[in-house]
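S.K.: let me see the structure of the following:
(2 chains)
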Amino acid sequence: GQQVMQIPQYQHVQEGEDFTTYCNSSTTLSNIQWYKQRPGGHPVFLIQLVKSGEVKKQKRLTFQFGEAKKNSSLHITATQTTDVGTYFCAGRNYGQNFVFGPGTRLSVLP
Amino acid sequence: DAGVTQSPTHLIKTRGQQVTLRCSPKSGHDTVSWYQQALGQGPQFIFQYYEEEERQRGNFPDRFSGHQYPNYSSELNVNALLLGDSALYLCASSSMAEGSYEQYFGPGTRLTVT
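M.R.: Reported below is the predicted structural model:
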């Protein structure tokens, strides 16, 4: 079945540094979503990408969908302590359910 | 506008017992998906309900069953609980009618099986 991997598993950064997490699927995706989960919280929807090569920005966050629609990335510029949490990608193959990656846990040192 | 609500918040059960978890979707949403999230892992898809029918199912045994009511609320039932069923159970609602696939998660139910 479809598998979704994320790297790195953990990332520790100094406040103000940039952060990138990568998501790779074993199959071509129809769409991919990104979520943020704060410690003790629940996943919160950030964005959905559907087009090959698509790039979307939300303030300091930049999301990319690969040309082959099998990988994606989330880049945060100038991290802040409020960015702390686990970032999950969730990929969906046509007509199937979303499969979540294991997540990248981000810690930001002030 | 109420978001996704789940009850109860926490639950402690004994191995072999049965449990029912409840979810009310976000206003305007017609689809409910259930996920199991073990500590330190990503959510694992259990099943999805739309128009009171199970539309998709993940790799979970028949001990896991569900229901959706005409008002779109949903229940997750787990029979013959195992220690390994201890996890955070998340409900996510979306709108099949809108076709956007954006999922809004509830706060979850923390199930502990002893």
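S.K.: residue 81: neighbouring residues, count only.
M.R.: Let's take chain A. Residues within reach of A:T81, counting by other CB atoms under 10 Å in any protein chain shown, total 10. Bear in mind the C-beta positions are built from the backbone N, C-alpha and C, glycine included.
S.K.: was after chain B, sorry
M.R.: 19.
S.K.: tell me who's in contact with it.
M.R.: Each residue near B:L81 by CB atoms under 8 Å, 6 or more residues apart in numbering or on different chains is listed here: B:K13, B:T14, B:R15, B:G16, B:Q17, B:Q18, B:V19, B:V113.
S.K.: can you say which of those residues are buried?
M.R.: B:K13, B:V19, B:V113 (16 or more other CB atoms under 10 Å in any protein chain shown).
S.K.: and stretch B:74-89, how far apart are its ends?
M.R.: 13 Å (CA to CA, to the nearest Å).
S.K.: pull out the buried positions in it.
M.R.: Applying 16+ other CB under 10 Å to stretch B:74-89 flags B:S74, B:E75, B:L76, B:V78, B:L81, B:D85, B:S86, B:A87, B:L88, B:Y89 as buried.
S.K.: in helices, which of the contacts of B:L81 fall?
M.R.: Counting by DSSP state H, no part of the contacts of B:L81 is found in helices.
S.K.: restrict the residues you listed to contacts with chain A.
M.R.: By CB under 8 Å from any CB of the partner chain, no member of those lies near chain A.
S.K.: and the residue of chain A at minimum distance from chain B, backbone torsions?
M.R.: In chain A, the residue that lies nearest chain B is A:F100 (3.7 Å; CB to the nearest CB). Torsion angles at A:F100 (phi, psi; degrees, to the nearest 10) stand at phi -90, psi 150.
S.K.: do A:D83 as well
M.R.: phi -80, psi -10.
S.K.: picking that back up, what residues are up against the residue of chain A closest to chain B?
M.R.: A:F100 touches A:V4, A:Y35, A:F88, A:C89, A:A90, B:Y35, B:G42, B:P43, B:Q44, B:F45, counting by CB under 8 Å, 6+ apart.
S.K.: now it. Nearest residue, chain neighbours left out?
M.R.: Leaving aside its chain neighbours, A:F100 sits nearest to B:G42 (3.7 Å; criterion: CB to CB, 6 or more residues apart in numbering or on different chains).
S.K.: sec struct for B:G84, please.
M.R.: Following DSSP: H, G, I helix; E, B strand; the rest coil, we place B:G84 in the helix state.
S.K.: tell me the pLDDT at B:D1?
M.R.: According to the prediction, B:D1 has pLDDT 60.
S.K.: likewise for A:K57?
M.R.: Per the predicted model, pLDDT is 98 at A:K57.
S.K.: partner residues bridging the closest residue to it other than its chain neighbours?
M.R.: Spatial nearest neighbour of A:K57, excluding adjacent residues (CB to CB, 6+ apart): A:F63 at 7.5 Å. A:F63 has these beta-bridge partners by DSSP bridges: A:K56, A:L74.
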